[in-house]
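J.: return a 3D structure for these sequence lines:
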Amino acid sequence: MSNLIAWIIRAIPFGTIIMFGSMGEIVTEKSGNLNLGVPGIMYLGGFAGFASSYYYEKLSPDPKGWVCVIIALTAAILASMLGGLIFSFLTITLRANQNVTGLALTTFGQGVANFFGVFILNGSSYSSAPLANAAFAKKMPFLSSKFGVISKTVFSYGFLVYVAVILAVVLHYVLNKTRVGLNLRAVGENPGTADAAGINVTRYKYLATCLGAGISGIGGLYYVLDYNQGIWATTGQIEALGWLAVALVIFTTWKPLNAIWGAYLFGMLYWLYQFLPSLLGIKVASYVTDLIQMVPYVVTIIVLVVISFRKKKENQPPESLGLSYFREER
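T.: Residues are numbered from 1 along each chain as shown. Coordinates of the predicted model:
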């Protein structure tokens, strides 16, 4: 029982990281833009949030935790949205290939973060922002120790875990129950028809891509200042999590609500290699461990194959996904 609880406790924070990344990409892809630069955007968000809180702690004579939260969130969202704006300008205005631009953005984001991270690391292997970590990882008061096992599995996380769940519900409502969501989905399905109906296709694509990038960037921030205990190090882990977030978009069939359970399932599958031997009471060879770590990606491939065969419209990606819109060809 204790191993199962430990497995869940490990899976939920991990799932939160990729949940933010996938929800941001869902918003972007609903507009018809395919942004494969999610890992780079998460790098930008994570580093900007860490750097801003790090220098605030270092330079302020009396730093406050709540100020760290505001500064870090603001910097992370703005830096990530800047990455989304760069992607939008290249793919919407200049009509560059979305796949190539996204991959370039991943390299760009990681390179920028690691380049400026050198000045913070200053020759050491890592650097930390302990006050920001304490603020982001603070548990819910009164609830984190009141209900035994339930408290350990539900209330023992930083506030961004609950923000992620609430945001998924809000995005589901906006995309399916509001005129803005209807217009956005129309742009993603058939921008020519949406344009003829009076919808500003360019505006919706820009806003969705930048907003989606901002949401994805919070995932990078959460990884650095909560999940990784406020430590910045050039390990490349954010990139791997970014690609998992992209895979989760397909797994959830472009539905924000599915991102909740899908992210936690991915988290449990990712940590399966660590808890499976103890749960089954067996020893696992190292090469088997490597195979087990492939499970989330294998499950995504299976889901993609099943979706392709079933061909349900509601489970398919937006029809114009990855295609640049040329108004003169409408």
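
J.: what about stretch 269-283, how long is it end to end?
T.: One end of stretch 269-283 to the other measures 18 Å (CA to CA, to the nearest Å).

J.: was I right to think Tyr264 contacts Ile12?
T.: Yes. Between Tyr264 and Ile12 a contact is recorded at 5.9 Å, counting by CB atoms under 8 Å. C-beta: built from backbone N, CA, C; applies to glycine.

J.: which helix is the longest one in the protein?
T.: Using DSSP state H, we find that the single longest helix of the chain is helix 2-30.

J.: format the CA atom coordinates belonging to stretch 308-320 as PDB.
T.: Provided in PDB are the C-alpha atoms of stretch 308-320 (Å, rounded to 0.1, in the frame of the first residue of the first chain):
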ATOM      1  CA  SER A 308      -6.900   6.400 -37.200                       C
ATOM      2  CA  PHE A 309      -8.900   3.200 -37.600                       C
ATOM      3  CA  ARG A 310     -12.000   4.500 -35.800                       C
ATOM      4  CA  LYS A 311     -12.000   7.800 -37.700                       C
ATOM      5  CA  LYS A 312     -14.400   9.500 -35.300                       C
ATOM      6  CA  LYS A 313     -14.500  13.200 -36.200                       C
ATOM      7  CA  GLU A 314     -14.500  14.400 -32.600                       C
ATOM      8  CA  ASN A 315     -11.200  12.500 -32.000                       C
ATOM      9  CA  GLN A 316      -9.300  13.800 -35.000                       C
ATOM     10  CA  PRO A 317      -6.900  16.700 -35.100                       C
ATOM     11  CA  PRO A 318      -8.100  20.000 -36.600                       C
ATOM     12  CA  GLU A 319      -8.400  19.600 -40.300                       C
ATOM     13  CA  SER A 320      -6.000  22.400 -41.200                       C
END
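
J.: list the contacts of the closest residue to Leu78 other than its chain neighbours.
T.: Using CB to CB, 6 or more residues apart in numbering and skipping residues adjacent in sequence, the residue nearest Leu78 is Ala48, 7.2 Å away. The contact partners of Ala48, by CB atoms under 8 Å, 6 or more residues apart in numbering, come to 75-76, 78-80, 217, 221.

J.: related to what we said a few turns ago, got the buried residues for the longest helix of the chain?
T.: Using 16 or more other CB atoms under 10 Å as the burial criterion, the residues of helix 2-30 that qualify are 6-8, 10-30.

J.: report the angle between the helix or strand following it and helix 2-30.
T.: As assigned by DSSP states H and E, the chain's next helix or strand after helix 2-30 is helix 38-59. Counting by axes from the mean of the first three to the mean of the last three CA atoms, to 10 degrees, helix 38-59 lies at 110 degrees to helix 2-30.

J.: run the chain-centre distance for helix 38-59.
T.: Its chain's C-alpha centre and that of helix 38-59 lie 15 Å apart, by CA atoms, centre = their mean, to the nearest Å.

J.: cool, stretch 309-321 as well?
T.: With CA atoms, centre = their mean, you get 22 Å for stretch 309-321.

J.: what about the spatially closest residue to Gly45 that is not a sequence neighbour, which helix or strand?
T.: Spatial nearest neighbour of Gly45, excluding adjacent residues (CB to CB, 6+ apart): Gly217 at 2.4 Å. Assigned by DSSP H and E, Gly217 belongs to helix 201-222.

J.: so what strands line up beside whichever helix or strand comes after that helix?
T.: Downstream of helix 201-222, the first helix or strand assigned by DSSP H and E is strand 231-232. Partner strands for strand 231-232, per DSSP bridges, with pairing direction: strand 127-128 (antiparallel).

J.: what helices and strands are in contact with whatever helix or strand comes next after the strand it pairs with?
T.: With elements assigned by DSSP H and E, the helix or strand that comes after strand 127-128 is helix 130-137. Counting by 3 or more CB pairs under 8 Å, 6 or more residues apart in numbering; DSSP states H and E, the packing neighbours recorded for helix 130-137 are helix 38-59, helix 65-88.

J.: pick the most deeply packed of the ones you listed.
T.: Comparing the helices and strands packed on helix 130-137 by mean neighbour count (mean count of other CB atoms under 10 Å), helix 38-59 ranks first with a mean of 27.

J.: for that helix, list the C-alpha coordinates in CSV.
T.: What follows is helix 38-59, C-alpha atoms only, in CSV (Å, rounded to 0.1, in the frame of the first residue of the first chain):
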residue,chain,number,x,y,z
VAL,A,38,7.0,23.1,-26.8
PRO,A,39,10.2,21.9,-25.3
GLY,A,40,12.0,25.1,-26.1
ILE,A,41,9.1,27.2,-24.8
MET,A,42,9.1,25.2,-21.6
TYR,A,43,12.9,26.0,-21.3
LEU,A,44,12.2,29.7,-21.8
GLY,A,45,9.5,29.7,-19.2
GLY,A,46,11.5,27.6,-16.7
PHE,A,47,14.6,29.7,-17.0
ALA,A,48,12.9,33.1,-17.0
GLY,A,49,10.9,32.2,-13.9
PHE,A,50,14.0,30.8,-12.1
ALA,A,51,16.3,33.7,-13.1
SER,A,52,13.8,36.4,-12.1
SER,A,53,13.2,34.8,-8.6
TYR,A,54,16.9,34.0,-8.2
TYR,A,55,18.0,37.6,-8.7
TYR,A,56,15.2,38.9,-6.6
GLU,A,57,16.2,36.7,-3.7
LYS,A,58,19.9,37.6,-4.2
LEU,A,59,19.5,41.3,-4.5
